[in-house]
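S.K.: Provided below are the primary sequence and the corresponding predicted coordinates.
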Amino acid sequence: MSPAVARFFGVKSFGAGARATSGNLSAHGLAFVPQADYDPLLWAADVNFVRGEDSFVRAQWARKPFVWHIYPQADDAHLPKLDAALAHLSTGLADAPRTALERFWHAWNGAGTPDWGDLLQHRAALDANAARWADVLASVGDLAGKLAGFAKSQLK
């Protein structure tokens with residue numbers, strides 16, 4: 001993700017300890033943190049930028065808007081997964097914030113230039129949507145319980 005951040009801010013590199021600013025946007029490069037410290041870090045940010053599936057899951061529970069940098073796969077096989085995630089996450093968003101979120105995610109994953117201003121103007125809607133989505137996930141129930149119930153149903 002660091003090369004994408006560096007490109008966005010027009011700097012040579014962006015790693016742990018780096019800071020960059022563009023307008024009202026400030027980014028701080030952080031070193032990896034222990035798992036126990038990761039969720040509080042997500043909760044503290046206004047918008048999270050995450051990479052990989054584990055961080056993607058944690059970001060959804062953080063109730064904050066986030067941008068997912070998906071691991072690229074051969075033949076762009078990762079793009080349908082990115083679009084499927086966006087379709088679920090953006091259900092209920094008005095057209096303008098949904099489109100801004102989709103464009104930003106795609107740009108962050110290499111298909112264009114991220115437009116921070118466009119995304120930021122929809123901050124209130126994106127904040128509300130992130131909280132709504134976390135509530136949807138919570139209403140489904142816990143994964144371990146669901147798996148145990150499924151396994152039990154298969155034993156009968």
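M.R.: Alright, I've got the coordinates.

S.K.: quick check, Ser26 in a strand?
M.R.: Yes. Counting by DSSP: H, G, I helix; E, B strand; the rest coil, Ser26 falls inside a strand.

S.K.: tell me, how many neighbours does Ala151 end up with?
M.R.: By other Cβ atoms under 10 Å, 9 other residues sit near Ala151. C-beta coordinates here come from the backbone N, C-alpha and C atoms, glycine included.

S.K.: and the gap between it and Arg98?
M.R.: Going from Ala151 to Arg98 by Cβ to Cβ, to the nearest Å gives 37 Å.

S.K.: For this protein, which segments are assigned as helices?
M.R.: 2-9, 35-44, 53-61, 78-89, 95-108, 116-120, 123-140, 143-155 (DSSP state H).

S.K.: tell me the angle the fifth one makes with helix 2-9.
M.R.: Meaning helix 95-108. Note on geometry: by axes from the mean of the first three to the mean of the last three Cα atoms, to 10 degrees, helix 95-108 and helix 2-9 are set 120 degrees apart in direction.

S.K.: what's the answer for the last one, then?
M.R.: In terms of direction (the same axes, to 10 degrees), helix 143-155 departs from helix 2-9 by 130 degrees.

S.K.: ok, residues contacting helix 143-155?
M.R.: Contact partners of helix 143-155, identified using Cβ atoms under 8 Å, 6 or more residues apart in numbering, comprise Val140.

S.K.: now do the longest one
M.R.: With Cβ under 8 Å, 6+ apart as the test, helix 123-140 has contacts from 46-47, 60-66, 88-90, 92-94, 97, 101, 119, 146.

S.K.: With the fifth one instead?
M.R.: Judged by Cβ under 8 Å, 6+ apart, the contacts made with helix 95-108 from elsewhere in the structure are 4, 49, 65, 67-69, 82, 86, 89-90, 93, 112-116, 118-119, 121-122, 125-126, 129.

S.K.: sorry, back to before: any of the contacts of helix 123-140 buried? List them.
M.R.: Burial by neighbour count, 16 or more other Cβ atoms under 10 Å: within the contacts of helix 123-140 this picks out 47, 60, 62-66, 89-90, 93, 97, 101, 119.

S.K.: any chance of these in JSON lines, plus pLDDT and distance to Leu155?
M.R.: Listed next are the buried ones among the contacts of helix 123-140 as JSON lines, based on pLDDT from 0 to 100; distance: Cβ to Cβ, whole Å:
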{"residue": "Val47", "pLDDT": "93", "distance to Leu155": "45"}
{"residue": "Gln60", "pLDDT": "96", "distance to Leu155": "31"}
{"residue": "Ala62", "pLDDT": "97", "distance to Leu155": "36"}
{"residue": "Arg63", "pLDDT": "97", "distance to Leu155": "37"}
{"residue": "Lys64", "pLDDT": "97", "distance to Leu155": "40"}
{"residue": "Pro65", "pLDDT": "97", "distance to Leu155": "42"}
{"residue": "Phe66", "pLDDT": "97", "distance to Leu155": "38"}
{"residue": "Leu89", "pLDDT": "94", "distance to Leu155": "35"}
{"residue": "Ser90", "pLDDT": "95", "distance to Leu155": "38"}
{"residue": "Leu93", "pLDDT": "96", "distance to Leu155": "41"}
{"residue": "Pro97", "pLDDT": "98", "distance to Leu155": "46"}
{"residue": "Leu101", "pLDDT": "97", "distance to Leu155": "42"}
{"residue": "Leu119", "pLDDT": "93", "distance to Leu155": "48"}
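
S.K.: I'm done for today, thanks for sticking with me.
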